[in-house]
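*Asks:* Here's my sequence, what's the structure:
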Amino acid sequence: MSCLEVSPSLLFWTDPVQSGAVFGSVLVFLVSICYNSLITVVSYTFLTILLMISVVRLYTYVMVTLKKADATNDPLSTISNLPLTIPPKIVSEMSPCIASGINSFISELRRLFFIDNLVDSIQFGLSLWCLTYIGSWFNAITIIILAWVGAFTLPKLYKNNEEQVDKVVAQITSQIEEVKEKIISTIPGMKKSEKQE
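*Replies:* Residues are numbered from 1 along each chain as shown. Below you'll find the model as predicted:
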């Protein structure tokens, strides 16, 4: 079981109602957090849910009182009977996956910061430098919103245009490898250490 196991049908929009509900609700939540504090968004969300349930309960009570509906016909009964507990089995299955992910992340950071591989550490430094510019253009919530929209649009676009995308990615990958080889060849002592690894 993967830590971030997502149904491919959700991202490929095979069931548009389910994909739209997940995509839309999370996008509205993220955009709301962009303009309001998290506490405000959570409070208003729960207040809206409470108000909607109160209106449905009041409507059901009035209809039963006026004898226009049956007392056993509660529209909220199916929702209120849903199990909301997290099974311990799922928690115990996900714990090793989360721990291994954190451990591999920490060991990779140690490798990059202590310059075990000079080229990878230079790439890491340049990536961090580029991230400073991205950080000055966007705040974190904007990047999260863009990542969320990308997660729901890019898989479908790739599926529809797989051949063209694969061709472009292969060209870019070969050009990056050529540049990397040129950089390695210009740094003294890197050829021997790379071959030994």
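
*Asks:* Every contact and neighbour count from this point should use C-alpha atoms.
*Replies:* OK.

*Asks:* Quick one: neighbours of Thr60, just the number.
*Replies:* Neighbour count of Thr60, defined by other CA atoms under 10 Å: 20.

*Asks:* which residue ranges form the helices in this structure?
*Replies:* Here the chain has its helices, by DSSP state H, at 8-11, 16-35, 38-65, 77-80, 88-113, 118-137, 140-160, 162-186, 190-196.

*Asks:* Would you indicate which residues of the fourth one are buried?
*Replies:* Okay, so that is helix 77-80. Residues of helix 77-80 classed as buried: none (neighbour count, 16 or more other CA atoms under 10 Å).

*Asks:* Repeat that for the first one.
*Replies:* Of the residues in helix 8-11, those buried by neighbour count under the rule 16+ other CA under 10 Å are Leu10, Leu11.

*Asks:* quick thing: my sequence starts at 69, can you match it?
*Replies:* Yep, numbering from 69; the last one is helix 76-79 now.

*Asks:* which residues are contacting that helix?
*Replies:* Asp83, Gln86, Ser87, Ala219, Phe220, Thr221, Pro223, Lys224 (CA atoms under 8 Å, 6 or more residues apart in numbering).

*Asks:* quick one: the closest residue in space to the fifth one that isn't next to it in sequence from Ala89, how far?
*Replies:* In this case it means Phe220. Among residues not flanking Phe220 along the chain, Leu79 sits closest, at 5.2 Å (CA to CA, 6 or more residues apart in numbering). For Leu79, the distance to Ala89 equals 12 Å [CA to CA, to the nearest Å].

*Asks:* can you put the helices of the chain in a markdown table and add distance to Ala139 and mean pLDDT?
*Replies:* Shown next, in a markdown table, are these (distance: least, CA to CA, whole Å; pLDDT from 0 to 100):
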| stretch | distance to Ala139 | mean pLDDT |
| --- | --- | --- |
| helix 76-79 | 37 | 84 |
| helix 84-103 | 31 | 91 |
| helix 106-133 | 6 | 90 |
| helix 145-148 | 12 | 78 |
| helix 156-181 | 37 | 92 |
| helix 186-205 | 57 | 89 |
| helix 208-228 | 43 | 92 |
| helix 230-254 | 55 | 91 |
| helix 258-264 | 77 | 51 |
